[in-house]
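Q: please work out how this folds:
(one chain, ligands or ions: 1)
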Amino acid sequence: MAKDDVELIKNGKRLDGRKFDDLRKIKIEVGVLKRAVGSAYVEWGKNKVMAGVYGPRELHPKYLRDPTKAHLRCIYNLAPFSVEDRKRPGPDRRSVEISKVSAEALSSVVMLEKYPNAGIDVFIEVLQADAGTRCVGLTAASVALADAGIPMRDLVPACAAGKVSGEIVLDLMKEEDNLGECDLPLAIIPRKKEIVLLQMDGKLTKDEFKKACGLAVDGAMKVYEMQKEALLSSINNVRIEE
Ligand code: ADP
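A: Here you go, the predicted structure:
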């Protein structure tokens, strides 16, 4: 039974009626910010996340410049109004951590070597949060990078799995994240079948870990298809600049 004895699973269904391997509803929009070079907006369950890419451009401070490649920076921000109790504005340990792991995951697909000395800035703004925001942020950011026309080896779809009331389930929402036993977000490079982000909050046995990873990878592959579809339809809907 979950902490606090809340019944998170009833008759094989989750609180929101999902089966164990169901994703929440996902909507991806491309090219939503006029001043960004590339952008994307993702609604994923009750999460609402915007990503904007600025650059490649002159990098400051200068000491960060690398003559062999561009420097990709990522800033993940949870807006004060994005959560139930207002969050204190500004960076904290959690946002610094998510920014760092997101920059590392994105740097593994962007062809940074094409832009020596330059900087590429990726901003992830969480407008509404309901668990899994680092996965939503990475999903949005890689679409925004592609929208910016920055050469990439692949996209970086992400998805979490976890353990809720003793069951391994896909894509935890807030109540499951709070009261469940474990959350395991991951991000992949589909073409290389490589994991570029893997974190775990909670405990799993070895077998549960394997099952959760498999489920999260399957979820990320579904997200990958949605990312490609969104990018293709944005190319087909030629945008008329104002
Ligand atoms: P993720 O959003 O990637 O799952 P966490 O597991 O750290 O990251 O957070 C789970 C959820 O908890 C968030 O999506 C958000 O809804 C909520 N949350 C995170 N940080 C705060 C905070 N400082 N104040 C209120 N709620 C928060």
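Q: roughly how far does the closest residue to Ala148 other than its chain neighbours sit from Ala216?
A: Distance criterion Cβ to Cβ, 6 or more residues apart in numbering; nearest residue to Ala148, sequence neighbours excluded, is Gly38 at 2.7 Å. Backbone N, C-alpha and C define where each C-beta goes, glycine included. Gly38 is 26 Å from Ala216, where distance means Cβ to Cβ, to the nearest Å.
Q: between those two, who's got more neighbours?
A: Ala216 (26 against 22; other Cβ atoms under 10 Å).
Q: could you look up the SS state of the more buried one?
A: Secondary structure assignment for Ala216 (DSSP: H, G, I helix; E, B strand; the rest coil): helix.
Q: list the contacts for it?
A: 159-161, 170, 184-186 (Cβ atoms under 8 Å, 6 or more residues apart in numbering).
Q: doesn't Ala144 belong to a strand?
A: No - going by three-state DSSP, the assignment for Ala144 is helix, not a strand.
Q: what's the burial count for it?
A: Ala144, neighbours per other Cβ under 10 Å, totals 30.
Q: mind listing what it touches?
A: So Ala144 contacts 30, 36, 38-40, 51-53, 122 (Cβ under 8 Å, 6+ apart).
Q: now swap in Ala230 and tell me
A: 28-30, 40, 143.
Q: and what of Lys222?
A: Neighbouring residues of Lys222 by Cβ under 8 Å, 6+ apart: 23, 159.
Q: what lies in contact with the helix or strand hosting Arg57?
A: Assessed by DSSP states H and E, Arg57 sits inside strand 47-58. Contact with strand 47-58 is made by 32-33, 35-42, 70, 82, 115, 118-133, 136-137, 140-141, 143-145, 147-148, 150, as judged by Cβ under 8 Å, 6+ apart.
Q: just these that are near the ligand?
A: Among the contacts of strand 47-58, proximity to the ligand is found for 129-133 (Cβ under 6 Å from any ligand atom).
Q: look at the spatially closest residue to Ala129 that is not a sequence neighbour and tell me its secondary structure.
A: Spatial nearest neighbour of Ala129, chain neighbours left out: Ser82 (4.5 Å); criterion: Cβ to Cβ, 6+ apart. Assigned state for Ser82: coil (three-state reduction, three-state DSSP).
Q: quick check: Ser82 touching Leu127?
A: Yes - with contact defined as Cβ atoms under 8 Å, Ser82 counts as touching Leu127 (5.7 Å).
Q: okay, those two: which has more neighbours?
A: More crowded of Ser82 and Leu127, by other Cβ under 10 Å: Ser82, with 19 against 15.
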